[in-house]
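*Asks:* Pasting the sequence and the predicted model now:
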Amino acid sequence: MQTFGEFLKEMAYPVTFSFEEFNNIKSHAGKLKYANERLQKISSGSSRVVYKVDDEKVLKIAKNSKGLAQNTTESDYGLQSMYSIVARIFEVSDDNFWVEMELAKKTTPNRFKQIVGMPITEVESILRDLKTVNDPRQRKYMKQEHLNRIETEAWKKMENNEFISELWDMIGNFGMSYPADFGRISSYGEVLRNGEPEIVLIDFGLTEETYRDYYSRK
């Protein structure tokens, strides 16, 4: 029997979609089929499918173990509470099969630069430079003075931009793979926070551990 809270939650969904029915489906394939038939699919990758619920949120459903791992990262309480540059998670299933996330509208490179104060290409460049100076395999082929110059220039750029500074802090604290999705405009969206437009990450669940376990070649 549904609780009143569950009833209120479902009011945002199409009348054909019932979380009680959805959660009672045993297989992941069955749940995906149920969502496909009742919700508007807005994107799909190798690990997750994203459906629009209403004008405020989306439902992200895992396709496989990769998706479960990324849902787990994105819904981490510490990450959600510490960083303003990520889309908010409203609710997550007990098994991390699905997460309800804040809906962010698509952004463009020009809009990204306008709000963040830095082109998306520059974000990727900074992260690539930092990846180089932090990778022992690359460091051994480069002169120390060259590495020092690359690192100094990257840090100067970060110190002058709050967004990239927060992004780098999050990458370090949560062991995220980089540049990876952080250099792609499709990983970002635009939301309103306190009436002001902000750019937020909408795809940020790929950690180094998840990459090693599921994406890198064995």
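*Replies:* Good, I have the coordinates.
*Asks:* Let me see the backbone angles for the closest residue to Phe174 other than its chain neighbours.
*Replies:* Excluding the flanking residues, the one nearest Phe174 by CB to CB, 6 or more residues apart in numbering is Leu79, at 5.8 Å. Glycine gets a C-beta too; all of them are placed from N, C-alpha and C. Main-chain dihedrals, Leu79, degrees, to the nearest 10: phi -60, psi -50.
*Asks:* how many other residues sit next to Leu79?
*Replies:* Neighbour count of Leu79, defined by other CB atoms under 10 Å: 18.
*Asks:* what's the answer for Ser44, then?
*Replies:* Counted with other CB under 10 Å, residues neighbouring Ser44 total 14.
*Asks:* what's the answer for Ala62, then?
*Replies:* Close neighbours of Ala62, defined as other CB under 10 Å, add up to 25.
*Asks:* give the contact list for the residue nearest to it when sequence neighbours are not counted.
*Replies:* Leaving aside its sequence neighbours, Ala62 sits nearest to Leu68 (CB to CB, 6+ apart; 4.7 Å). Counting by CB atoms under 8 Å, 6 or more residues apart in numbering, Leu68 makes contact with Ala62, Asp95, Asn96, Phe97.
*Asks:* Going by neighbour count, which of those residues are buried?
*Replies:* Buried by 16 or more other CB atoms under 10 Å: Ala62, Asn96, Phe97, out of the contacts of Leu68.
*Asks:* Take the residues you listed and write them to a markdown table, including secondary structure.
*Replies:* Formatted as a markdown table, these follow (DSSP: H, G, I helix; E, B strand; the rest coil):
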| residue | secondary structure |
| --- | --- |
| Ala62 | strand |
| Asn96 | coil |
| Phe97 | coil |
